[in-house]
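Visitor: give me a 3D structure for the following:
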Amino acid sequence: MSDAPLPDDRWRGSHLGRLMGLALRRFDERVLSLMAHDANVPLALSHLAARAQVGAAHIHLTRHLGLQGSRLTELAQQAGMSKQAMGDLVTQCEAWGLVRREPDARDARARRIVFTDTGLLWLEAFRQAVAQAEGEFRAQVGDEVATVVALGLEAYGSELPGARAAVAAR
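Guide: Down below sits the predicted model:
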């Protein structure tokens, strides 16, 4: 055993990537908590959210599925997941009644994933929960800091594939 001092590794818990990851986890957990207590979310889905059966992967699907539907490969790419993992997620959400698979009118060999009516209720509850969580963030850190954080994250993340469409939708 060496008597040499251990290197300073405090940076591992406080670097920007770690802080952004922690903030994202807190934000997603708050959104799911709000959805679990939203009277407009179908009861079975709010129970799933309340029991932590709905997680970050389900949020990926909610964030990325287009209102007109999306192909599985598009969803997987936008969410940064493998096609197989996204397929498993879609199958689970299909069982919950959030989405369905239907033929793609542009390509007879392909299928599109689309929101069901229940899925659209879920999406609206997600929109409201995100707005409330963003408001809470603004209240905690102040409008000026929240604006700078949003602009900085937008600029930093805009280089990823598919990010420009998300930023343009804001």
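Visitor: can you give me the helices in the chain?
Guide: With DSSP state H as the criterion, the chain has helices at 11-14, 16-36, 43-50, 56-64, 72-79, 83-95, 117-141, 143-157, 163-169.
Visitor: for Thr62, which non-adjacent residue is closest in space?
Guide: Leaving aside its chain neighbours, Thr62 sits nearest to Phe126 (5.1 Å; criterion: CB to CB, 6 or more residues apart in numbering). C-beta: built from backbone N, CA, C; applies to glycine.
Visitor: ok, the one you found - contacts?
Guide: 31, 35, 59, 62 (CB atoms under 8 Å, 6 or more residues apart in numbering).
Visitor: how close does it get to Asp8?
Guide: Between Phe126 and Asp8 the distance is 41 Å, computed by CB to CB, to the nearest Å.
Visitor: roughly how far apart are the residue nearest to Thr62 and His58?
Guide: Noted for Phe126: a distance of 10 Å to His58, by CB to CB.
Visitor: try Asp143
Guide: Relative to His58, Asp143 is positioned 30 Å away (CB to CB).
Visitor: who's more crowded, the two?
Guide: His58 (22 against 9; other CB atoms under 10 Å).
Visitor: from memory the more buried one sits against Leu89, does it?
Guide: Yes - contact criterion CB atoms under 8 Å: His58 and Leu89 qualify, at 6.9 Å.
Visitor: pLDDT score assigned to Gln53?
Guide: Note on Gln53: pLDDT of 68.
Visitor: what's the answer for His64, then?
Guide: In this prediction, His64 carries a pLDDT score of 90.
Visitor: surely it is in contact with Leu75?
Guide: Yes - contact criterion CB under 8 Å: His64 and Leu75 qualify, at 5.4 Å.
Visitor: these two: who's more crowded?
Guide: Set His64 next to Leu75 and count neighbours by other CB under 10 Å: Leu75 wins out with 24 against 20.
Visitor: distance-wise, check Ser33 relative to Ser2.
Guide: 47 Å.
Visitor: nothing else from me, thank you.
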